[in-house]
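Trainee: Pasting the sequence and the predicted model now:
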Amino acid sequence: MKLLVTGGAGFIGSNFILYWVKNQPNDQVVNLDLLTYAGNLESLSSVKGNPNYTFVKGDICDVKLVNQVMEDIDTVVHFAAESHVDRSIMDPAPFIKTNIDGTYVLLQAALKNNVKRFHHVSTDEVFGALNLESKEKFHEKTPYDPRSPYAASKAASDHLVRAFHTTYNLPITISNCSNNFGPYQFPEKLIALAITNLIEGKKVPVYGDGLHVRDWLYVDDHCEAIDLILQKGKVGETYLCGGLTEDIPNIEVAKKIIRIMGKDESMIEFVKDRPGHDRRYAIDWGKIHRELGWTPKHDFDEALKKTIAWYKANESWWKHVKSGEYKSYYEQQYSHR
Ligand code: NAD
Ligand code: TYD
């Protein structure tokens with residue numbers, strides 16, 4: 001099989017390529033990535049030179065390049081996106097461009113080149129926010145209600161992907177997953193930011209009252225879910241993937257990390273809340289469990305320990321990333337405490 005992975009130099013994409021090359025060593029994998037601030041080829045150093053792996057630097061909005069790259073491709077796994085909510089609040093423009101226009105360019109090329117499967121990786125944020133008090137969870141029939149520019153751009157891309165299936169019969173599948181964590185995550189997202197800040201002796205910034213709830217999914221479990229969807233998923237279908245956490249507020253996530261790292265709670269700093277901050281996400285992953293036999297395998301606390309150990313053992317990876325552009329972003333984002 002010949003696989004095109006978009007955004008393969010990012011957090012989940014690089015984990016997915018490492019997973020795929022290990023488990024399907026005879027498949028060819030092409031990684032198309034623009035190498036924005038979030039893309040890092042160091043994450044893929046172990047597959048560099050592998051004859052079945054090719055890297056192409058380029059923009060998913062570039063029609064000519066995308067059509068060239070799509071020739072002979074059987075399966076597309078589309079991760080490439082602007083992915084950080086706070087950056088989408090500062091400047092939505094690149095989110096509209098990459099997440100909407102870029103997805104459209106890929107869909108057109110997939111149709112033209114007769115790809116056998118277009119898998120679109122999306123987010124639970126398209127569903128909006130749940131109440132803290134409720135026990136409700138997102139499921140495949142939950143109406144869309146995106147509330148940040150990031151979520152709105154991902155929602156638009158999901159609609160386009162479905163429209164290409166309904167209208168043109170493009171063989172698509174979609175997964176909407178919850179918050180991923182694990183190795184190679186850019187340290188702008190909560191868990192990677194908290195761990196790397198603590199290693200550097202800096203505090204963990206917690207937005208607002210810290211009672212916002214996310215559903216946490218270890219990245220390896222997510223890669224397995226995508227693998228199963230590619231092998232056994234039904235064309236045209238959407239699958240929600242979530243982790244094993246049950247309504248754990250951000251402040252508790254921060255405290256867990258602090259405890260594992262042997263620090264004390266004075267390292268938590270409450271900072272100004274994010275505008276439009278979604279209160280609670282929770283995922284009902286019953287459909288993918290029942291229909292494809294998927295279950296997340298990683299207990300949150302154990303996976304958190306593994307992730308912390310990885311960031312401790314790989315300081316050069318994230319220290320390199322935390323220099324340059326990251327510094328000005330951090331100052332702008334966290335200066336109004
Ligand atoms: P990321 O920000 O770490 O990586 C995104 C990658 O896409 C980077 O390598 C970047 O260089 C590349 N990219 C950006 N714009 C591009 C363009 N125009 N052309 C080509 N490449 C481009 O993102 P991630 O956390 O790995 O997320 C991957 C996907 O999963 C995204 O679609 C995101 O919406 C979705 N998702 C992520 C999470 C999460 O918790 N990280 C949760 C749900 C869904
Ligand atoms: P984040 O990792 O940005 O993912 P998302 O916004 O996609 O859920 O944030 C996870 C949660 O942590 C979210 O409720 C916002 C909060 N948060 C903080 O409290 N402090 C921070 O510095 C960051 C980045 C996020």
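Mentor: Perfect, I can see it now. Numbers count the residues shown, from 1 in each chain. Ligands and ions are numbered 1, 2, ... in the order given.

Trainee: Mind giving me the packing neighbours of the lengthiest helix in the chain?
Mentor: In the chain, assigned by DSSP state H, the helix with the most residues is helix 149-168. Where contact means 3 or more Cβ pairs under 8 Å, 6 or more residues apart in numbering; DSSP states H and E, helix 149-168 is packed against helix 85-90, helix 93-95, helix 103-112, strand 117-123, strand 172-177. Just so you know, the C-beta spots here come from the backbone N, C-alpha and C atoms, and that holds for glycine as well.

Trainee: what residues does it touch?
Mentor: 81-85, 87-89, 92, 95-96, 99-100, 103-104, 107, 110-111, 118, 120, 122-123, 125-126, 128, 144, 146, 170-172, 174, 176, 235-236, 238 (Cβ atoms under 8 Å, 6 or more residues apart in numbering).

Trainee: give me the low-pLDDT residue ranges for the chain?
Mentor: Counting by pLDDT under 70, the chain contains low-confidence ranges at 336-337.

Trainee: before we move on, the earlier item: what distance separates the longest helix of the chain from the centre of its chain?
Mentor: Chain-centre distance of helix 149-168: 17 Å, with Cα atoms, centre = their mean, to the nearest Å.

Trainee: Please apply the same query to stretch 174-182.
Mentor: 6 Å.

Trainee: Quick check: chain neighbours aside, which residue is closest to S153?
Mentor: N99 (3.8 Å; Cβ to Cβ, 6 or more residues apart in numbering).

Trainee: neighbours of the one you found, just the number please.
Mentor: Neighbourhood size, N99 [other Cβ atoms under 10 Å]: 27.

Trainee: cool, M70 as well?
Mentor: 22.

Trainee: For W20, see how far away it is.
Mentor: Here the criterion is Cβ to Cβ, to the nearest Å. By it, M70 lies 18 Å from W20.

Trainee: cool, L130 as well?
Mentor: For L130 relative to W20 (Cβ to Cβ), the value is 33 Å.

Trainee: Comparing these two, which residue is more hemmed in?
Mentor: W20 (24 against 21).

Trainee: Compute the number of surrounding residues for the residue of the stretch 1-150 of the chain found nearest ligand 2.
Mentor: In the stretch 1-150 of the chain, the residue that lies nearest ligand 2 is V85 (4.0 Å; Cβ to the nearest ligand atom). Neighbourhood size, V85 [other Cβ under 10 Å]: 22.

Trainee: That one contacts R147, correct?
Mentor: No. Counting by Cβ atoms under 8 Å, V85 stays clear of R147, with 9.6 Å between them.

Trainee: what sits in contact with each of these two?
Mentor: With Cβ under 8 Å, 6+ apart, V85 and R147 have common neighbours E125.

Trainee: So what's the residue count around the residue of the chain found nearest ligand 1?
Mentor: Nearest to ligand 1, among the residues of the chain, is G10, at 2.0 Å (Cβ to the nearest ligand atom). For G10, the count of nearby residues is 26 (other Cβ under 10 Å).

Trainee: swap in D299?
Mentor: Neighbours of D299 (other Cβ under 10 Å): 13.

Trainee: can you give me the strands in the chain?
Mentor: 2-6, 28-33, 53-57, 75-78, 117-123, 172-177, 179-181, 204-207, 213-214, 216-218, 238-241, 248-249, 268-271 (DSSP state E).

Trainee: For these, give me a markdown table that also has distance to L41 and mean neighbour count.
Mentor: Putting the strands of the chain into a markdown table (distance: least, Cβ to Cβ, whole Å; neighbours: other Cβ atoms under 10 Å) gives the following:
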| stretch | distance to L41 | mean neighbour count |
| --- | --- | --- |
| strand 2-6 | 13 | 24 |
| strand 28-33 | 8 | 23 |
| strand 53-57 | 7 | 16 |
| strand 75-78 | 18 | 24 |
| strand 117-123 | 20 | 23 |
| strand 172-177 | 24 | 24 |
| strand 179-181 | 20 | 23 |
| strand 204-207 | 29 | 20 |
| strand 213-214 | 29 | 22 |
| strand 216-218 | 23 | 25 |
| strand 238-241 | 27 | 24 |
| strand 248-249 | 33 | 16 |
| strand 268-271 | 32 | 16 |
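
Trainee: Distance to ligand 1 for those - can I get that in JSON lines?
Mentor: Output for these, formatted as JSON lines (distance: least, Cβ to the nearest ligand atom, whole Å):
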{"stretch": "strand 2-6", "distance to ligand 1": "6"}
{"stretch": "strand 28-33", "distance to ligand 1": "5"}
{"stretch": "strand 53-57", "distance to ligand 1": "9"}
{"stretch": "strand 75-78", "distance to ligand 1": "7"}
{"stretch": "strand 117-123", "distance to ligand 1": "4"}
{"stretch": "strand 172-177", "distance to ligand 1": "5"}
{"stretch": "strand 179-181", "distance to ligand 1": "4"}
{"stretch": "strand 204-207", "distance to ligand 1": "16"}
{"stretch": "strand 213-214", "distance to ligand 1": "9"}
{"stretch": "strand 216-218", "distance to ligand 1": "7"}
{"stretch": "strand 238-241", "distance to ligand 1": "9"}
{"stretch": "strand 248-249", "distance to ligand 1": "15"}
{"stretch": "strand 268-271", "distance to ligand 1": "20"}
